[in-house]
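>>> Sequence and predicted structure are below.
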Amino acid sequence: DAGVIQSPRHEVTEMGQEVTLRCKPISGHDYLFWYRQTMMRGLELLIYFNNNVPIDDSGMPEDRFSAKMPNASFSTLKIQPSEPRDSAVYFCASSWDRTAGELFFGEGSRLTVL
Amino acid sequence: GDSVTQMEGPVTLSEEAFLTINCTYTATGYPSLFWYVQYPGEGLQLLLKATKADDKGSNKGFEATYRKETTSFHLEKGSVQVSDSAVYFCALSRDTNAGKSTFGDGTTLTVKP
């Protein structure tokens, strides 16, 4: 069974450009999470969805960040315009069992904004 | 609110040494507790979990026991290997958070041959 699939694995862009990160959760999982990981701030939850509906976006840093989940098998995280401080590894994770809360992570998208 | 506090790293051990990484938590109710491991260049993956008090989670020689009286979930391994070098995250999840997990800051373990 395929795990959580993220693309691109690496992205290098220039300040001011739009960045779109993509995620395909595990089939049947009804929760999807976007995390950001940096050396300075560790692992931060940005937003999560339940049944394609955003539940908590309090971790989204600012209006430059937006996330969508148009269907159960696809989600995007968009940064527009990007800034050097957005450089980080962005992880998508999915879950199906609310009681246990186990998360299944993708391999991450490493973003570098020059 | 919920919180997870992990032993600060980095931790450096020689191969075959005993490992303990401390984890304590603050949460109301009865959370589920987890240890995740992140190998270099990869995402986090579940190492072990425990869903109720006194449960012991175990996997790949690692163990952790859910201690409600001390609100702890310390990770242990009797004999570490070089391949165990990674970052270890303690986490909790509560039903009322609808799947949202709280993570510790992570502890970096380096095992030297």
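Perfect, thanks for sending it. Quantities reported herein were computed from a predicted structural model and do not represent experimental measurements. Numbering: from 1, shown residues only, chains lettered A, B, ... in the order given.
>>> What distance do you get for the closest residue to chain B within chain A to residue A:10?
Distance from chain B to each residue of chain A (C-beta to the nearest C-beta) is smallest for residue A:101, at 2.6 Å. C-beta coordinates here come from the backbone N, C-alpha and C atoms, glycine included. In this structure, residue A:101 and residue A:10 are 30 Å apart, going by C-beta to C-beta, to the nearest Å.
>>> Please identify which of those two sits among more neighbours.
In this view residue A:101 and residue A:10 are compared by other C-beta atoms under 10 Å in any protein chain shown, and residue A:101 has more residues nearby, 25 against 11.
>>> quick check, that one in a strand?
No - the secondary structure assignment for residue A:101 gives coil rather than a strand, going by DSSP: H, G, I helix; E, B strand; the rest coil.
>>> Phi first, then psi, for the closest residue to residue A:80 other than its chain neighbours.
Excluding the flanking residues, the one nearest residue A:80 by C-beta to C-beta, 6 or more residues apart in numbering or on different chains is residue A:18, at 4.2 Å. With angles defined as degrees, to the nearest 10, residue A:18 sits at phi -90, psi 140.
>>> who's in contact with residue A:87?
Contact analysis of residue A:87 by C-beta atoms under 8 Å, 6 or more residues apart in numbering or on different chains lists A:38, A:111-113.
>>> give me that answer again for 10 Å
A:11-13, A:38, A:110-114 (C-beta atoms under 10 Å, 6 or more residues apart in numbering or on different chains).
>>> and chain B, which of these contact it?
The subset of the contacts of residue A:87 within reach of chain B, by C-beta under 10 Å from any C-beta of the partner chain, is residue A:110.
>>> Just the buried ones from the contacts of residue A:87, in ChimeraX syntax?
In ChimeraX syntax, the buried subset of those is picked out as below (16 or more other C-beta atoms under 10 Å in any protein chain shown):
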select /A:11,13,110,111,113
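>>> Which of the contacts of residue A:87 scores worst on pLDDT?
Among the contacts of residue A:87, residue A:38 has the lowest pLDDT, at 93.
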